[in-house]
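Participant: how does the following fold in three dimensions:
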Amino acid sequence: MVRNSISTKRGDSGETSLLYGGRVSKSNRRVEANGIGDEAVSTIGLARAQCESEFIHDALLEIQRLMFIANAEITTSTDHIDKLHEHFQVIGDEQISYLDSLLRRLEDEVELPPAFIIPGATVTSATLDLARCKVRDLERAAVDLYEDDLIENERLLVWLNRLSDCIFMMARYVDRDLPTDIVTGTRRKN
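Facilitator: Here you go, the predicted structure:
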């Protein structure tokens with residue numbers, strides 16, 4: 001039986017391939033941003049695996065799918081962006097509208113406490129807060145690439161900003177039935 005191997009050995013010299021062409025150092029800013037995106041999508045997966053809410057679980061799965069679109073844009077050089085547009089969807093108004101709708105629903109169902117929220121009221125909300133931090137890291141990396149004309153799609157930046165807001169509210173949603181003093185860290189959960 002012939003087995004496929006995940007190891008191509010093409011990266012042994014410290015280089016990797018970009019989507020649709022080009023080889024760059026593994027320390028390249030575009031590769032770094034893609035790595036942050038991979039960490040974010042994996043952390044979102046960890047939150048999804050712990051989540052008891054079907055609504056949040058399904059939203060996180062959709063967000064993970066959309067993260068692959070975002071990462072594809074990040075790992076495609078501007079020289080090859082036309083190939084990406086030919087074969088894949090890119091982040092645009094439809095994806096932003098999805099997050100806006102999700103955010104409205106979350107805001108309708110969650111009343112934020114009148115004090116600073118300390119992450120860690122539950123394992124799921126803490127994992128979501130970690131995922132939000134990773135998305136903010138990705139947003140900063142994407143802004144850096146955008147400012148140097150290495151990403152052309154400004155809508156991607158809008159989407160990443162909205163995404164971190166949504167994940168923040170998802171964390172609050174999963175903790176919505178807890179007393180305020182637990183969510184704000186003024187009392188330990190028993």
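
Participant: drop to CA atoms for contacts and neighbour counts, all remaining ones
Facilitator: Fine.

Participant: confirm residue 40 sits in a strand?
Facilitator: No - assessed with DSSP: H, G, I helix; E, B strand; the rest coil, residue 40 is helix; it does not lie in a strand.

Participant: any idea how far residue 115 is from residue 61?
Facilitator: Distance, residue 61 to residue 115, by CA to CA, to the nearest Å: 30 Å.

Participant: neighbour count for the two, which is higher?
Facilitator: Neighbour comparison, residue 61 and residue 115: the larger count goes to residue 61, with 16 against 12 (by other CA atoms under 10 Å).

Participant: dump the residue contacts of the more buried one.
Facilitator: 45, 48 (CA atoms under 8 Å, 6 or more residues apart in numbering).

Participant: check residue 90 too.
Facilitator: Per CA under 8 Å, 6+ apart, neighbours of residue 90: 69, 70, 73.

Participant: give me the neighbour count for residue 30.
Facilitator: 25.

Participant: if you could redo that for residue 42, that was the one I meant.
Facilitator: Neighbours of residue 42 (other CA under 10 Å): 15.

Participant: I'd like the distance between it and residue 48.
Facilitator: Distance from residue 42 to residue 48, by CA to CA: 10 Å.

Participant: run a quick check on residue 48 versus residue 62, I expect a contact.
Facilitator: No - using CA atoms under 8 Å, residue 48 makes no contact with residue 62, being 10.6 Å away.

Participant: show me which of these two is the more surrounded one.
Facilitator: residue 48 (22 against 12).

Participant: give the contact list for the more buried one.
Facilitator: 56, 57, 60, 61.

Participant: quick one: mean pLDDT for the host helix or strand of the third one?
Facilitator: If I follow you right, that is residue 60. For residue 60, the element it lies in under DSSP states H and E is helix 54-74. For helix 54-74, the mean per-residue pLDDT is 96.

Participant: for the chain, what spans make up the helices?
Facilitator: 29-50, 54-74, 81-87, 93-109, 123-147, 154-174, 180-183 (DSSP state H).

Participant: quick one: buried residues of the longest one?
Facilitator: It stands for helix 123-147. Buried positions in helix 123-147, judged by neighbour count with 16 or more other CA atoms under 10 Å: 123-146.

Participant: many thanks, I have nothing further to ask.
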